[in-house]
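Novice: coords below, sequence missing:
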């Protein structure tokens, strides 16, 4: 029995590293550091709570570290080792925040993080082992996991929650006074959720994915859009009527990729400059919006590769067709005013192909 439990610890170490990385990202974003002397004296704030915002932050720190404590106990098999390891992570993050001008190092956060770790590790130790779900609909394949991860990156990155009453007010304003939605935004959401519905096979994970749309207002740099919600649910509902193999879906997604590359079809006779440096726009645009654009395009290229592949084409053609569309679109964008033709799109297709091929080699 002990050897069986030890054999199960390997995957939990992977989850421990991934979740610890997520906590470090949330705690140190936007990853801008300076010498402490350049922005004030080095000090840690105390443990007292003075405002409602500090109370919400403390509760969030407890909840955030509870899954980490749960996973750490499964890895180490010891309550003390789990608490020490997670407390060391929290202490290191708090110390790094000393050199982050937009962050505050707090003893209160360290105590809350440790308390959350203790609660999660204790739950894992004293509660009975949860049974595996018997319903296969809850099981994620490597391919569906890839789509879900890319979708969450597109919809929620950088995953910074806004736990303030002002977020509710902003969401209400967007509901009462909805913003106009462009053709590109509507089409992206329609074809993205259409593919997502086919990949997730209309299971519960599809509902989890769609639930992010009305909750976007609670994430940093995201706003709620009623149009996105409506187009998203429309696309997911349409997935019920797309029979396999997805010839119609493959053709529609590939055609949409070409349309979004050349829209609004106002060509000029003099070509513009072409950049052979991928992701060059990253240094010329706000990173918050740029990352969302990149993850969105990556999701659409995954959708194109998956739909072409499931239509019966070989892996080579499933990669070459979206690559040809992206390359042709970037070439023709030289004749579209206001566009920035570069090698980013073909590189994204190559990345999507590698990810999809790797996921498919692990499982269906």
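Specialist: Now that the structure is in, tell me what you want to look at. This structure is a prediction, so every number in the text was calculated from the model and none was measured. Numbering: from 1, shown residues only.

Novice: Can you show me the helices along the stretch 51-200 of the chain?
Specialist: Counting by DSSP state H, counting those that start in this stretch, the stretch 51-200 of the chain has these helices, from start to end: 52-76, 79-96, 107-126, 142-156, 165-176, 183-199.

Novice: hey, least reliable of those helices by pLDDT?
Specialist: The stretch with the lowest mean pLDDT among the helices of the stretch 51-200 of the chain is helix 165-176, at a mean of 70.

Novice: Just the buried residues of stretch 242-259, please?
Specialist: Of all the residues in stretch 242-259, those buried under the rule 16 or more other Cβ atoms under 10 Å are 242, 246-247, 249-250, 252-254, 256-258. In short, each C-beta sits where N, CA and C put it, glycine included.

Novice: looking at the helices of the stretch 51-200 of the chain, which is closest to residue 361?
Specialist: Each of the helices of the stretch 51-200 of the chain has some distance to residue 361 by Cβ to Cβ; the shortest is helix 142-156, at 8.4 Å.

Novice: Show me what the closest one is packed up against.
Specialist: Applying 3 or more Cβ pairs under 8 Å, 6 or more residues apart in numbering; DSSP states H and E, we find helix 142-156 packed against helix 183-199, helix 204-211, helix 287-310, helix 344-362.

Novice: So which of those helices is nearest residue 275?
Specialist: It's helix 344-362; of the helices and strands packed on helix 142-156, that one is closest to residue 275 (Cβ to Cβ) at 8.4 Å.

Novice: Name the SS class of residue 337, please.
Specialist: Following DSSP: H, G, I helix; E, B strand; the rest coil, the label given to residue 337 is coil.

Novice: Skipping its backbone neighbours, what lies nearest it in space?
Specialist: The shortest distance from residue 337 to any non-neighbouring residue, by Cβ to Cβ, 6 or more residues apart in numbering, is to residue 268 (5.6 Å).

Novice: Is the one you found in a helix, a strand, or coil?
Specialist: Quick answer, by three-state DSSP: residue 268 is coil.

Novice: Pretty sure it sits against residue 338.
Specialist: No: using Cβ atoms under 8 Å, residue 268 is not in contact with residue 338; the gap is 10.1 Å.

Novice: For residue 158, see how far away residue 302 is.
Specialist: From residue 302 across to residue 158, the span is 20 Å (Cβ to Cβ, to the nearest Å).

Novice: residues touching residue 305, list them.
Specialist: Residue 305 makes contacts with 318-319, 322, 349, 352-353, 356, as judged by Cβ atoms under 8 Å, 6 or more residues apart in numbering.

Novice: Equivalent analysis for residue 206, please.
Specialist: Residue 206 makes contact with 196-197, 200, 236, according to Cβ under 8 Å, 6+ apart.

Novice: Please pick the buried ones from these.
Specialist: Using 16+ other Cβ under 10 Å as the burial test, those include 196-197, 200, 236 as buried.

Novice: now the protein, which segments are flagged as low pLDDT?
Specialist: Along the chain, the parts satisfying pLDDT under 70 run over 1-11, 35-46, 52-53, 128-138, 163-167, 174-181, 202-203, 245, 282-288, 363-364.

Novice: per-domain residue ranges of it.
Specialist: 2-126, 137-362 (automatic domain parsing).

Novice: centre of the chain versus the shortest one, how much separation?
Specialist: Read that as domain 2-126. 21 Å (Cα atoms, centre = their mean, to the nearest Å).

Novice: what do you get for stretch 267-286?
Specialist: With Cα atoms, centre = their mean as the basis, stretch 267-286 stands 26 Å off its chain's centre.

Novice: what's it in contact with?
Specialist: Stretch 267-286 is contacted by residues 290, 294, 330-337, 339-344, 347 when judged by Cβ under 8 Å, 6+ apart.

Novice: Buried ones among those residues?
Specialist: Applying 16+ other Cβ under 10 Å to those flags 294, 330, 332-333, 335-336, 339-344 as buried.

Novice: re earlier: and residue 302 and residue 158? Which one has more around it.
Specialist: Using other Cβ atoms under 10 Å, the more surrounded residue of residue 302 and residue 158 is residue 302, with 27 against 18.

Novice: May I have the residues that are in contact with the more buried one?
Specialist: Residue 302 sits in contact with 146-147, 150, 352, 355-356, where contact means Cβ under 8 Å, 6+ apart.

Novice: Widest-spaced pair of the buried ones among the contacts of stretch 267-286?
Specialist: So, those by Cβ to Cβ: farthest apart are 294 and 335, at 23.7 Å.

Novice: which residue sits closest to the residue nearest to the spatial centre of the chain, ignoring its sequence neighbours?
Specialist: Nearest residue to the geometric centre of the chain (Cα atoms, centre = their mean): residue 153, 1.7 Å. In space, and not counting its chain neighbours, residue 153 is closest to residue 295: 4.3 Å by Cβ to Cβ, 6+ apart.

Novice: Isn't residue 261 up against residue 324?
Specialist: No: in this structure, residue 261 is not within contact of residue 324 by Cβ under 8 Å, at 11.5 Å.

Novice: what about those two, which has more around it?
Specialist: Higher neighbour count among residue 261 and residue 324: residue 261, with 20 against 14, using other Cβ under 10 Å.

Novice: So the nearest residue to residue 215 once chain neighbours are set aside: helix, strand or coil?
Specialist: In space, and not counting its chain neighbours, residue 215 is closest to residue 224: 7.9 Å by Cβ to Cβ, 6+ apart. For residue 224, the assignment made with three-state DSSP gives coil.
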